[in-house]
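# no sequence on this one, just coordinates:
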């Protein structure tokens, strides 16, 4: 958009976007001027750029990561050791795909760190790893900027590294003094970025080579809904110190619980053995359930008054027929006689099937962890009387227990099947809840129609 003579906004021609199609990385360091980086991001986007932000640890004390994630729709890189959901190294992806990196504001500490080549933060690490132009806009107290050490560091970045330096402006400073140290105007910094990339081809025109994009913020489409989620694996005791279990970490179930909370739901999280942090939210009730029998009891009790049950837990299929009351010795060996455990999802389906208001019965979602073919999961839909089955091949790379990602197929009655690509478990959770919301809305519509019909007949 551009401003006309009467102050109104008119559309810009595509050719007038000076950074159209480019990815620009903004590095934010721990200066009081860090808040101005948000305006810089906006100005760069106004010029057509796709923008990603990197932050030093001290920068997060001035501006939160969520601010930049909301502005850019990209995850914010704050740790040089962090991995993206697809296991790529975050700051390396930025370094390899950004058309330019602009560090604004750049503190005296960061200038010294960069001049020495110390890769202790995501901003410095990305600058060290990139072959793209780097633009640096310092901001600090006037005496700090005038110090010979700082001037030497600025000179090295400019003369030895080839970085473009956008000199700070003179004026009132945060310290109360007046001097040269104010972050340059954002328009001047944008002009420097435009000049730095001029004549260069776009480095990563394919979005798959860039940092991943975040999904738009979700509406509170589960506001006041009551969601029951199970997570983790159950443990069936052999003796007081040993058990039969599985490799589930609880990541998928916890991701679903967090996604439901973000969409306004009241969540009951029934957990077996988990190795991930549990949500800390006043709207969540966490119920421990170590064994399958304990989880079945907790699920059936929590089901009353709920709108949705998502059985994401990896429930043990078998348990020892007789658990020892004392620790068994090793020397005599061990032979176990196993028996099947309760089918919690089938029990829940049977419980709600007797409801007097079938149009308001809870939506039931099951999970099926398979190896190879997913055909067995299809049969579970009708056999267990559920609304959705989420099936995945746990032998596939990136889709098994303990991974941050998952590749699933969401199956529904009548042959419906939605094969999702490999994505983070939080993304899977939101895609699943999208389907759940659709089923809930359809049932609410049926219930309303039934009520209107009954009122008309009365």
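Here it is on my side, so go on. The structure presented is a predicted model; accordingly, all values stated were derived computationally and were not measured. Numbering: from 1, shown residues only.

# now the phi/psi pair for residue 114, please.
Main-chain dihedrals, residue 114, degrees, to the nearest 10: phi -70, psi -40.

# wait, it touches residue 154, no?
No. Under the criterion of CB atoms under 8 Å, residue 114 is not in contact with residue 154, lying 10.1 Å apart. For the C-beta atoms, the positions are set from N, CA and C on the backbone; glycine is no exception.

# neighbour count winner among those two?
Here residue 114 and residue 154 are set side by side on neighbour count (other CB atoms under 10 Å), and the busier one is residue 114, at 26 against 20.

# could you find the closest non-adjacent residue to that one?
Nearest in space to residue 114, with sequence neighbours left out and distances taken as CB to CB, 6 or more residues apart in numbering, is residue 124 at 5.5 Å.

# give me the neighbour count for that neighbour.
A count of neighbours around residue 124, defined by other CB under 10 Å, yields 23.

# cool, residue 18 as well?
Neighbour count of residue 18, defined by other CB under 10 Å: 18.

# that one sits in which helix or strand?
Using DSSP states H and E, residue 18 falls within no helix or strand.

# from residue 254, how far out is it?
Computed as CB to CB, to the nearest Å, the residue 18 to residue 254 distance reads 44 Å.

# and if you look at residue 311?
Distance of residue 311 to residue 254, computed by CB to CB: 14 Å.

# secondary structure class for residue 85?
Following DSSP: H, G, I helix; E, B strand; the rest coil, we place residue 85 in the coil state.

# apart from its chain neighbours, what residue comes closest to it?
residue 424 (3.7 Å).

# what is the one you found paired to in the beta sheet?
Judged by DSSP bridges, the bridge partners of residue 424 are residue 405.

# right, and it touches residue 405 too?
Yes. Under the criterion of CB under 8 Å, residue 424 lies in contact with residue 405, with a separation of 5.7 Å.

# look at the closest residue to residue 328 other than its chain neighbours and tell me its secondary structure.
Of all residues beyond its chain neighbours, the one nearest residue 328 is residue 239 (5.0 Å), with distances taken as CB to CB, 6+ apart. Three states are possible here, and by three-state DSSP the one that applies to residue 239 is coil.

# you'd agree residue 239 is up against residue 323?
Yes. In this structure, residue 239 is within contact of residue 323 by CB under 8 Å, at 6.5 Å.

# pLDDT weak spots in this protein?
Within the chain, the segments meeting pLDDT under 70 span 1-16, 175, 215-218, 332, 354-360, 371-374, 446-458.

# for residue 302, list the residues it contacts.
Contact analysis of residue 302 by CB atoms under 8 Å, 6 or more residues apart in numbering lists 228, 268, 270, 287.

# same thing with residue 280?
Contact partners of residue 280, counting by CB under 8 Å, 6+ apart, are absent.

# okay, buried residues for the host helix or strand of residue 189 please.
Residue 189 is located in helix 186-197, with elements delineated by DSSP H and E. Neighbour counts over helix 186-197 (16 or more other CB atoms under 10 Å) mark 186, 189, 190, 192, 193, 194, 196, 197 as buried.

# need the residues you listed in CSV with distance to residue 397, can you?
Listed next are those as CSV, based on distance: CB to CB, whole Å:
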residue, distance to residue 397
186, 44
189, 42
190, 42
192, 43
193, 38
194, 41
196, 39
197, 36
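
# hmm, back to that, need the overlap of contacts for residue 114 and residue 154.
Taking CB under 8 Å, 6+ apart as the criterion, residue 114 and residue 154 both touch residue 136.
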